[in-house]
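Peer 1: all I have is the shape, not the residue letters:
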Ligand SMILES: N[C@@H](CCC[C@H](N)C(=O)O)C(=O)O
């Protein structure tokens, strides 16, 4: 089986081409691929499958994905499925263009959160239309250092964006964040952030299904939304441990711009279904 490896602000992915949907990708196989010692190592897997070949009903928020030729089947490092990945969708688009699977620098990618339009910029960045994030109110998370308050933001996937007075650097993000299951029945990605200069935010993240990562595109959008007064337009630069992205918020929704890098390709030799 062929694979490629890519990242967006060091949020890294194993890319699995499966155009005809022949692959039965089990959670244990994803976890093995993402293992940084026994596998290739990644925060998640991007299965590249034709929407027409997808063995999955596209209903609810995913319905608009049916119009896209290609579908990003995103899996977290623990094998769980996620609706959307803001860094992954840029890398996914770069992969399709690089392999000649799409023509031109603009395309729509199907995701479980719906279709996402991506523009591949000349400088290697990609800009993705992230839809309309929804603010769902306040909530608390218990981190290793104690309880922290945040704002629930739906970016297609669930987030709790927590502004922290001392900045994100000193926050202990180890361990699994404790969330109220009544508010987060599907779990959530937890961001800690602070504004460090006019128009500039700093953020760290503990991702659902992957633990602390060096970036999270949907999380970057979530903190930009949490930092912006309701109804206002804004442009934010968001710094994460793995680099920086730009978020534009206006009446149309959110756009996310950042790098989309392919670093390697190769062949998987292990039998992923054998423990
Ligand atoms: N790293 C991603 C988000 C991946 C999915 C997330 N862990 C979830 O379970 O919702 C991003 O760049 O947005």
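Peer 2: Cool, got the structure. What you see is a predicted model; the values in this text were computed from it and never measured. Numbering: from 1, shown residues only.

Peer 1: kindly provide the distance from residue 268 to residue 80.
Peer 2: 21 Å (CB to CB, to the nearest Å). In short, each C-beta sits where N, CA and C put it, glycine included.

Peer 1: for residue 58, what are its contacts?
Peer 2: 51, 65-66, 110 (CB atoms under 8 Å, 6 or more residues apart in numbering).

Peer 1: by neighbours, which of these wins?
Peer 2: residue 110 (25 neighbours; other CB atoms under 10 Å).

Peer 1: quick one: secondary structure of that one?
Peer 2: strand (DSSP: H, G, I helix; E, B strand; the rest coil).

Peer 1: so it touches residue 68, yeah?
Peer 2: Yes - taking contacts as CB atoms under 8 Å, residue 110 lies within contact range of residue 68: 3.6 Å.

Peer 1: mutual contacts of these two, please.
Peer 2: residue 51.

Peer 1: average model confidence for the lengthiest helix in the chain?
Peer 2: Looking across the chain with DSSP state H, the single longest helix is helix 86-98. Computed over helix 86-98, the mean pLDDT rounds to 98.

Peer 1: mind listing what's buried along that helix?
Peer 2: 86-97 (16 or more other CB atoms under 10 Å).

Peer 1: repeat that for stretch 231-239.
Peer 2: 236-239.

Peer 1: again with stretch 125-141
Peer 2: 125-131, 133, 139, 141.

Peer 1: tell me the one among those residues nearest to residue 152.
Peer 2: residue 139 (5.2 Å; CB to CB).

Peer 1: show me the contacts for the closest one.
Peer 2: So residue 139 contacts 149-152, 160, 179-180, 183-184 (CB under 8 Å, 6+ apart).

Peer 1: same question, residue 18
Peer 2: 25, 47-49, 73.

Peer 1: most neighbours of all these, which one?
Peer 2: residue 49 (24 neighbours).

Peer 1: give me the distance between the spatially most central residue of the chain and residue 72.
Peer 2: Nearest to the mean C-alpha position of the chain, by CA atoms, centre = their mean, lies residue 85 at 2.4 Å. Per CB to CB, residue 85 is found 7 Å from residue 72.
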